[in-house]
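Novice: Build me a structure from this.
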Amino acid sequence: MFIDVHELELHPIEFGSEFPPETIALGPEVRQTEPLRAQGRAELVEEHHGAKARKIQDIRLVGRLATQVERYCDRCLEPVQWAVGRSFDLLYRPQGIDGGQEEQSVSTVEAEISYYSGDGLLLEDALREQVLLALPMKTVCREDCKGLCPHCGKNLNQEACSCPPPADEHWGALGDLKQKLGAE
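Specialist: Next up is the predicted model:
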C-alpha cells in the first residue's frame, strides 16, 4: 500500500491491511508463517524549519501489527516460531531535507526519524522494519539448548554422540600441573 503525501494533504489515511506469507520479504533468515495484519493511521505533520521557515512534510504512521514468523535456532538449527505483535509510532521525513547543514549532534527524538523519497512511502517497508526490530538478536529454541556437536554435527538435544568432549584449552595448563604433581 502506497501512502501518498498528496493524498495526506487532503486527509489522513486509515489502513487495515493483511499481507499473506511471502508478500513482504523479511530476508533469508526469517520466514513469515501467518498473515501479517496491520491497522493504523497515516497523517501529514507539517514543520517549519530555519530562518526562511521552509515547510517540511513529515509522514506519521501510528498503528499496530501482528504476525507469526519462523527462524532457526542459533545453537541447534531447529525451526523456532515467534509471535510478533507490536505498536508503532513512526515519523518519516523527506529524504535529503536535512542535508547541507553543518554537522550537529542528534537528539534521541531525531535518531528515531526515518526518511522517505519521492511522493510517499510503502507501508510494507515500514512493517518489514518493525517486524525485524521486534525479533531478538539471537534465537534459541529453549534456554538449555545443547546445540550441535562440533565434530559430527548431531543435534545434542535429540541424541548423544560418541565424540570425545572438546578439549578446553583454558584448563590445559592446570591439567599439565596436575600431571606433574601426581608424578612426584
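Novice: Listing partners with orientation, what would you give for the longest strand seen in the chain?
Specialist: Longest strand of the chain, by residue count under DSSP state E: strand 54-72. Within its sheet, strand 54-72 is paired with strand 31-32 (antiparallel), strand 36-49 (antiparallel), strand 79-94 (antiparallel), according to DSSP bridges.
Novice: Could you dump these into JSON lines with mean neighbour count added?
Specialist: Just so you know, the C-beta spots here come from the backbone N, C-alpha and C atoms, and that holds for glycine as well. Putting the strands paired with strand 54-72 into JSON lines (neighbours: other CB atoms under 10 Å) gives the following:
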{"stretch": "strand 31-32", "mean neighbour count": "18"}
{"stretch": "strand 36-49", "mean neighbour count": "16"}
{"stretch": "strand 79-94", "mean neighbour count": "15"}
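Novice: Give me the buried stretch members for stretch 118-134, please.
Specialist: Going by neighbour count (16 or more other CB atoms under 10 Å), the buried part of stretch 118-134 is 120-121, 123-124, 126-128, 130-131, 134.
Novice: ok, the closest residue to P164 other than its chain neighbours - how many residues close by?
Specialist: In this structure, P164 finds its nearest non-sequential neighbour in H151, 7.9 Å apart by CB to CB, 6 or more residues apart in numbering. Using other CB atoms under 10 Å, the number of residues around H151 comes to 12.
Novice: So H151, which state does it fall into?
Specialist: Following DSSP: H, G, I helix; E, B strand; the rest coil, we place H151 in the coil state.
Novice: That one and E124, how far apart?
Specialist: 44 Å (CB to CB, to the nearest Å).
Novice: again, but for Q57
Specialist: Distance of Q57 to E124, computed by CB to CB: 21 Å.
Novice: What part of the protein, helix or strand, is modelled with the least confidence?
Specialist: Least confident helix or strand, the chain: helix 108-111 with a mean of 50, by mean pLDDT, DSSP states H and E.
Novice: what's the following helix or strand after that one?
Specialist: From helix 108-111 onward toward the C-terminus, using DSSP states H and E, the following helix or strand is strand 113-116.
Novice: So for that next one, mean pLDDT?
Specialist: If you average the pLDDT over strand 113-116, you get 88.
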